[in-house]
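1. After the sequence you'll find the predicted model.
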Amino acid sequence: MRTSPPAPDDVAALQALHAGAVQAQQTLRTLLPDLHVETVAHIDSTNAELLRRARTGLCQPALLAALAQSAGRGRHGRPWVMVPQGSLAFSVGLPLQPVEWSGLSLVAGVALARALPPDVRLKWPNDLVWHARKLGGILIETVAAPGVAARYAVIGVGLNLATPALPPQAPLDALPPAGLHEVARACGQPPEDAGTWLARLAPALVQAVRRFETEGFAPWQASYGALDALAGLRVRISDGREGVADGVTADGALRLRTADGRVVPVQAGEVSVRPC
Ligand SMILES: O=C(O)CCCC[C@@H]1SC[C@@H]2NC(=O)N[C@@H]21
């Protein structure tokens, strides 16, 4: 709990973030007229908060963004640490009833990558990368929505704006981090604040997820392929399997071409790139 008044920088940053959320709400007013938007200075985790609300029956579409998270979480129970010098963290929550859930995180990745600078790519299943460095990630969690057939899906997005220092305990096969300000500099563009990115990314994400709900992953397969950072690389899956990454299947599994020439679908796991 905060005991001192927010610093002026926090106030300005929160206003900018809020302006981005309101702009996203405007963009989405036809698709999601009841979208609730909220921006907070501090929270444990935007994903955790929307899931808590859904469990108590608050299942309306929501966009929640935060300047700081004390318990941000990533995939596989890992912590997600925001860069204090510049970060974007938001979650979109909405009741969802897709024909098939597989591929949702890949669709979210495609939508985000398309709204980010041109060189941003996707590392299966849901890392946003730039020149083999991690810019951000996506964490999707769902909960049963009381009284309705749909589940409530919470799609959390964390993006570095500033480039984080490499943590000393980083595993050797983890991707080194990158930040969007650095990407903008490399493209000769000025850096943009978290609110500006939120206004672009949240609508792109919601529009894609709504389309996924009715059409599934298959129409996204080619778009994913065009953004696939792993295509043609030697990879190792966290379960020990190795091979060459060969795109994704029509339901979003990673196609792994093994040494004996077979292609096996990998439904889940962590992927590390091996030296050639
Ligand atoms: O790369 C990953 O493992 C996914 C990271 C997802 C982090 C975001 S930040 C906003 C939302 N709230 C969380 O606690 N996690 C997601």
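-> That came through, no problem.

2. So which residues on the stretch 1-150 of the chain come close to the ligand?
-> Taking Cβ under 6 Å from any ligand atom, the part of the stretch 1-150 of the chain that reaches the ligand is made up of 45-47, 69, 72-75, 78, 80, 89-91, 127, 137-139. The way it works is simple: take the backbone N, C-alpha and C, and place the C-beta from them, glycine included.

3. so whichever residue of the stretch 1-150 of the chain sits closest to the ligand, which of the three states?
-> Distances between the stretch 1-150 of the chain and the ligand by Cβ to the nearest ligand atom are smallest at Gly137, namely 2.0 Å. State at Gly137, reduced to three classes by DSSP: H, G, I helix; E, B strand; the rest coil: strand.

4. Report pLDDT for it.
-> Model confidence at Gly137, given as pLDDT, is 97.

5. With adjacent residues omitted, what lies nearest to it?
-> For Gly137, ignoring the flanking residues on the chain, the nearest one in space by Cβ to Cβ, 6 or more residues apart in numbering is Asp127 at 5.2 Å.

6. bridging residues for the residue nearest to His36 when sequence neighbours are not counted?
-> The spatial neighbour of His36 that comes closest, neighbours along the chain excluded (Cβ to Cβ, 6+ apart), is Ala62 at 4.6 Å. Ala62 has the following beta-bridge partners by DSSP bridges: His36, Gly93.

7. could you list every residue that touches Ala62?
-> With Cβ atoms under 8 Å, 6 or more residues apart in numbering as the criterion, the residues that contact Ala62 are 35-38, 50, 53, 91-94.

8. ok so, going back, burial of the residue nearest to Gly137, as a residue count?
-> By other Cβ atoms under 10 Å, 22 other residues sit near Asp127.

9. what residues are up against it?
-> The neighbours of Asp127, taking Cβ under 8 Å, 6+ apart as the test, are 109, 134, 136-137, 175.

10. Pull out the buried positions in the top helix by length along the chain.
-> Among the elements of type helix in the chain, defined by DSSP state H, the one spanning the most residues is helix 194-215. Using 16 or more other Cβ atoms under 10 Å as the test for burial, helix 194-215 gives 194-206, 208-209, 212-213.
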